[in-house]
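A.B. asks: predicted model and sequence below, questions to follow.
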Protein chains: 2
Amino acid sequence: MSQALEISGACAQLQQLLGDRFTRTRHARELHGRDEGHLAASLPDAVAFPQSTAEVAAIAGVCARHRVAMVPFGAGTSLEGQVMASRGGVCIDLGVMNAILAVRGEDLDATVQAGVRRQQLNRHLRDQGLFFSVDPGADATFGGMASTRASGTNAVRYGTMRENVLGLTVVLADGRVIHTGGRARKSAAGYDLTHLFVGAEGTLGIITELTMRLHGRAAAMSSAVCGFADLSGAVNTVIETIQLGIPVARIELLDEAMMSAVNAYAGLTHAESPTLFLEFHGTDAGVREQATMVSRIAASHGGGDFRWAAVEEEQRRLWQARHDVAYACKALRPGCEMWPTDVCVPISRLTECILATRQDISSNGLIAPIVGHVGDGNFHVVMVVDVNDEQEMRRAGQFNDRLVRRALSMGGTCSGEHGVGLVKREHLEAEHGEAVAVMRQLKRCLDPDDLMNPGKMFV
Amino acid sequence: MSQALEISGACAQLQQLLGDRFTRTRHARELHGRDEGHLAASLPDAVAFPQSTAEVAAIAGVCARHRVAMVPFGAGTSLEGQVMASRGGVCIDLGVMNAILAVRGEDLDATVQAGVRRQQLNRHLRDQGLFFSVDPGADATFGGMASTRASGTNAVRYGTMRENVLGLTVVLADGRVIHTGGRARKSAAGYDLTHLFVGAEGTLGIITELTMRLHGRAAAMSSAVCGFADLSGAVNTVIETIQLGIPVARIELLDEAMMSAVNAYAGLTHAESPTLFLEFHGTDAGVREQATMVSRIAASHGGGDFRWAAVEEEQRRLWQARHDVAYACKALRPGCEMWPTDVCVPISRLTECILATRQDISSNGLIAPIVGHVGDGNFHVVMVVDVNDEQEMRRAGQFNDRLVRRALSMGGTCSGEHGVGLVKREHLEAEHGEAVAVMRQLKRCLDPDDLMNPGKMFV
């Protein structure tokens, strides 16, 4: 049967199943046709809004029978094209599935539907002295965060989605529903399916529920910024801090270009030099001790005095500026798009990698501030590009290639946290070689008709 | 072709390949026919001692062509029958592959061959102020520890093999060699194959090299023991400590029966009441602070004074006693075998689970001391059984079933760290249901002829 006929057959059944929670309007399709990266839109043929795991399973069953592609969609904040319907099909928007199903404070875990967003959960937890630690820039959904193996500013202390997801409910390509992992803190029972789906970008199944670790809010918390005479001083401060095992909760680098973008966007007056944003969690004494140690390290690398944000409101403002960097970059060139890319290298190579990258940006005339979760060896280059300027886009693509190859040559990875999507499929091959053949085998095993988010991850 | 013919064909080729590093002597087969659990031996048809990943790949190629089973073997210290050749075939002893390939102190990681043992690596690291944290009771190999997703006493602070393996070299059933993961602290690039092989008990491939996280030795470290009036006081102390987020490095429970076994085995004079073994890592101030907090919690639950082991030699002796519990149990009934089993539950259910289990042991007249990595909600029951007494073995099996079902009913897992092997295959089904069908699919996908450690994990 032709693809068009298959799609209209599937749509008729999905309409019956979901009523007005299924739509083929152009408006809805456009809202689900792109993410926050630089790629032009690719619209799905239809959008479904399931309310339960059972409905997702029913949708998958219909799509499987008609061999129609399924593209899971959370908040649409992916950066490498993960939510784009590059081969059409049905977009499954999990946004309606936004119930916090259980918070078990005594076990430091919670179970949520995949459409719950991170800020929603943290608002819910605030009064209980708990928080969920993973904090990518966007207010993403947990399904999306798990699928892209998201991390963020707290990962250096509290881990990424890899470390914080305990178990999943997943709908497979054939409509089966499985539960992976569990609530025990550790288990040696069976294959680790949880980690197979975390980071699979929806290509192996659709995550509908997650059980995740929570953390207790530290008794004491303090935030500071510290400017440096040069980039290498800032990065070397980070390296020494990590190598000494000082348990910083956050240690983020913004280069001069990024500081200037942030000042302009948020009306702030930070010095426009390479700057570390720091946060310390612990007891009163512990926080003081950590801060003293790091400030000494910073001073020995040309860092200025720590400027402290002592009260919560100041801390919130400080970190809001950090979280808004992507939007601050976009504001640098109105009408242009951002192309944020990221790599991650072993920490001993971080200074070399960032300096070479900064040099590459300058010599190619790109507008591309750098911001990094540098405690993990991870940094972002936020290119701001005119997508209509073919030559500039080519230069940006070539820069991205060089960045990835530089990171790989240093023992790093092509993406620390944004994932592969449509953009880094060749880089995945360059990084993992023969192991990609095994990934493809697993994909064919669980999704023989290539219906789950097809075209992503693999060339 | 008959199985016997296939085996002799494979053996002829392996003999040629490996020379005197291949043997079919009864002595060698007996040394590789059982582990430290309670099951009677199942001998392999032959034993191979490869020296490199390339040789393991060549062995796998030969075995695959002749459809001969491959059983990877490290130190032979598994507890659920993982290394036993229950369907014959070739045992691949990785013990010769014991080179520490690289230690990168500045990145806190190391790369080792699969046959390196944990104490060997820690001796190698001692002068560099670094250590590898995962410490199961036995001096196991890293290949074995990764394959069973081992943990140990430090897991509450530093994680299990799941958290500490960064990347692997794996030989697949068809002889292909892949490299998974990498040295970056985080990556969002591709399926997480590393975690698929960690805990797969050799059923998906043979791990030949591992890159793992190291940790810096804390500036200050102190150890203590604390006796309690009753079991619930001890367990509730643990629960409160974990719920308050106090970063204890170790918090281990030994019940009365275990304390008495340890005293007898090691000639110690600890009080024979439920006892916590504790260790604190941090700065001087941090360690004092943690210890004060935990000792207050203990006092409020009927705990006695902390008895400190301040100097390193005392600390070593204290923890040696903890590490030797399995052997101490075995010494309780000369001529008998130990059947150590373990479960793990969410911490809020730990007191209830341990008390019900203690009751179950008493009312069934089993000799079965309890020891637990209780900070993770994980505890072991070390049954000491007369394997020739059928009735006793049946009672032990029934007890093990009840223990697992109790843990599962509390949201726990059938094994926190010993794994599935031959013994807990039905329990895996009980725990994971439909997800086990997916595990089987993956097994068939990567090992269609069921040659990699066949019979383990799945009924």
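C.D. replies: Nice, thanks for sending it over.
A.B. asks: give me the domain ranges for chain A.
C.D. replies: A:3-95, A:97-216, A:220-326, A:332-435 (automatic domain parsing).
A.B. asks: of all those, which one comes closest to B:Asn154?
C.D. replies: Of all these, domain A:97-216 sits nearest to B:Asn154, with 12.1 Å by CB to CB. All C-beta atoms are positioned from the backbone trio N, CA, C, and that covers glycine.
A.B. asks: comparing the domains of chain A by mean pLDDT, which bottoms out?
C.D. replies: Lowest mean pLDDT within the domains of chain A: domain A:220-326, at a mean of 91.
A.B. asks: quick one, phi/psi of A:Thr160?
C.D. replies: Dihedral pair for A:Thr160: phi -100, psi -170, per degrees, to the nearest 10.
A.B. asks: contacts only, for it.
C.D. replies: For A:Thr160, the contacting residues are A:134, A:149-152, A:417, B:186, by CB atoms under 8 Å, 6 or more residues apart in numbering or on different chains.
A.B. asks: again with A:Arg405
C.D. replies: A:Ala430 are the contacts of A:Arg405 under CB under 8 Å, 6+ apart.
A.B. asks: repeat that for 6 Å
C.D. replies: If a contact means CB atoms under 6 Å, 6 or more residues apart in numbering or on different chains, then A:Arg405 has no contacts.
A.B. asks: ok so it is a helix residue?
C.D. replies: Yes: assessed with DSSP: H, G, I helix; E, B strand; the rest coil, A:Arg405 lies in a helix.
A.B. asks: how close does it get to B:Arg104?
C.D. replies: Using CB to CB, to the nearest Å, one gets 21 Å for the distance from A:Arg405 to B:Arg104.
A.B. asks: A:Phe379 and A:Gly372 touch, don't they?
C.D. replies: Yes: contact criterion CB atoms under 6 Å: A:Phe379 and A:Gly372 qualify, at 3.0 Å.
A.B. asks: thinking again about what came up before, out of the contacts of A:Thr160, the closest to B:Asp45 would be?
C.D. replies: Looking across the contacts of A:Thr160 and measuring by CB to CB, the closest to B:Asp45 is A:Arg149, at 42.5 Å.
A.B. asks: burial count for the closest one?
C.D. replies: 27 (other CB atoms under 10 Å in any protein chain shown).
A.B. asks: quick check: it is in a helix.
C.D. replies: No: under the criterion used here (three-state DSSP), A:Arg149 is coil, not part of a helix.
A.B. asks: could you tell me the phi and psi values at it?
C.D. replies: Dihedral angles (degrees, to the nearest 10) for A:Arg149: phi 50, psi 50.
A.B. asks: now it. Nearest residue, chain neighbours left out?
C.D. replies: A:Gly199 (3.5 Å; CB to CB, 6 or more residues apart in numbering or on different chains).
A.B. asks: who touches that neighbour in this structure?
C.D. replies: Counted by CB under 6 Å, 6+ apart, A:Gly199 has contacts A:149, B:188, B:192.
A.B. asks: likewise for A:Leu39?
C.D. replies: Contacts of A:Leu39 (CB under 6 Å, 6+ apart): A:Gly81.
A.B. asks: if we use 10 Å, what do you get?
C.D. replies: Taking CB atoms under 10 Å, 6 or more residues apart in numbering or on different chains, we find A:Leu39 in contact with A:79-81, A:84, A:86, A:337, A:339, A:387, A:421-423.
A.B. asks: can you classify it as helix, strand or coil?
C.D. replies: coil.
A.B. asks: next one: it from B:Gln3, what distance?
C.D. replies: A:Leu39 is 55 Å from B:Gln3, where distance means CB to CB.
A.B. asks: for the stretch 1-150 of chain A, what spans make up the strands?
C.D. replies: In the stretch 1-150 of chain A, the segments counted as strands under DSSP state E, counting those that start in this stretch are A:22-23, A:46-48, A:70-73, A:90-93, A:100-104, A:109-113, A:130-131.
A.B. asks: stretch A:322-342 near chain B at all?
C.D. replies: Yes: Stretch A:322-342 is in contact with chain B by CB under 10 Å from any CB of the partner chain, via A:Asp342.
A.B. asks: go on, stretch A:49-61?
C.D. replies: No: judged by CB under 10 Å from any CB, stretch A:49-61 stays clear of chain B, getting no closer than 11.5 Å.
A.B. asks: what residues of that stretch count as buried?
C.D. replies: By 16 or more other CB atoms under 10 Å in any protein chain shown, the buried positions in stretch A:49-61 come out as A:49-50, A:53, A:55-61.
A.B. asks: stretch A:349-357 too?
C.D. replies: Buried residues in stretch A:349-357 (16+ other CB under 10 Å): A:349-351, A:353-354, A:357.
A.B. asks: from the residues you listed, which ones fall inside helices?
C.D. replies: A:350-351, A:353-354, A:357 (DSSP state H).
A.B. asks: now for the residue nearest the centre of chain A: which residues touch it?
C.D. replies: For chain A, the residue nearest the mean C-alpha position is A:Ala150 (3.5 Å; CA atoms, centre = their mean). When contacts are counted by CB under 10 Å, 6+ apart, A:Ala150 is found next to A:77-78, A:118, A:134-138, A:140, A:142, A:144, A:160-162, A:164, A:198-199, A:417-419, B:186, B:188.
A.B. asks: can we see that at 7 Å?
C.D. replies: A:134, A:136, A:140, A:160-161, A:417 (CB atoms under 7 Å, 6 or more residues apart in numbering or on different chains).
A.B. asks: turn the ones in helices among the buried residues of stretch A:349-357 into TSV, including distance to chain B.
C.D. replies: Below are these laid out as TSV (distance: CB to the nearest CB, whole Å):
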residue	distance to chain B
A:Leu350	10
A:Thr351	11
A:Cys353	11
A:Ile354	14
A:Thr357	15
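A.B. asks: alpha carbons of stretch A:213-226, as PDB, please.
C.D. replies: Listed in PDB are the C-alpha atoms of stretch A:213-226, where the atom choice follows Å, rounded to 0.1, in the frame of the first residue of the first chain:
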ATOM      1  CA  ARG A 213      16.000   9.800  42.100                       C
ATOM      2  CA  LEU A 214      15.400  12.900  44.100                       C
ATOM      3  CA  HIS A 215      18.000  14.700  46.300                       C
ATOM      4  CA  GLY A 216      17.600  16.400  49.600                       C
ATOM      5  CA  ARG A 217      18.200  20.200  49.500                       C
ATOM      6  CA  ALA A 218      21.500  20.900  51.100                       C
ATOM      7  CA  ALA A 219      21.400  22.600  54.500                       C
ATOM      8  CA  ALA A 220      23.600  25.300  53.200                       C
ATOM      9  CA  MET A 221      24.000  26.600  49.700                       C
ATOM     10  CA  SER A 222      26.000  29.500  48.300                       C
ATOM     11  CA  SER A 223      26.600  30.900  44.800                       C
ATOM     12  CA  ALA A 224      29.400  33.100  43.400                       C
ATOM     13  CA  VAL A 225      30.800  34.400  40.200                       C
ATOM     14  CA  CYS A 226      34.500  34.900  39.600                       C
END
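A.B. asks: got a list of contacts for that stretch?
C.D. replies: In contact with stretch A:213-226 (CB under 7 Å, 6+ apart) are residues A:108-110, A:125, A:129-133, A:158, A:164, A:166, A:270, A:275-284, A:287, A:291, A:298, A:303-304, A:306-310, A:315, A:318-319, B:245.
A.B. asks: kindly recompute the last result at 6 Å.
C.D. replies: Under CB under 6 Å, 6+ apart, the answer for stretch A:213-226 is A:108-110, A:129-133, A:158, A:164, A:275-284, A:287, A:298, A:303, A:306-309, A:315, A:318, B:245.
A.B. asks: where along the stretch 51-200 of chain A do the helices fall?
C.D. replies: Listed in chain order, the helices of the stretch 51-200 of chain A (DSSP state H, counting those that start in this stretch) span A:53-65, A:118-125, A:142-147, A:155-158, A:161-164, A:193-197.
A.B. asks: I meant the stretch 201-350 of chain A, not that one.
C.D. replies: According to DSSP H, counting those that start in this stretch, the helices that the stretch 201-350 of chain A contains are A:231-243, A:256-266, A:284-299, A:312-323, A:325-330, A:350-363.
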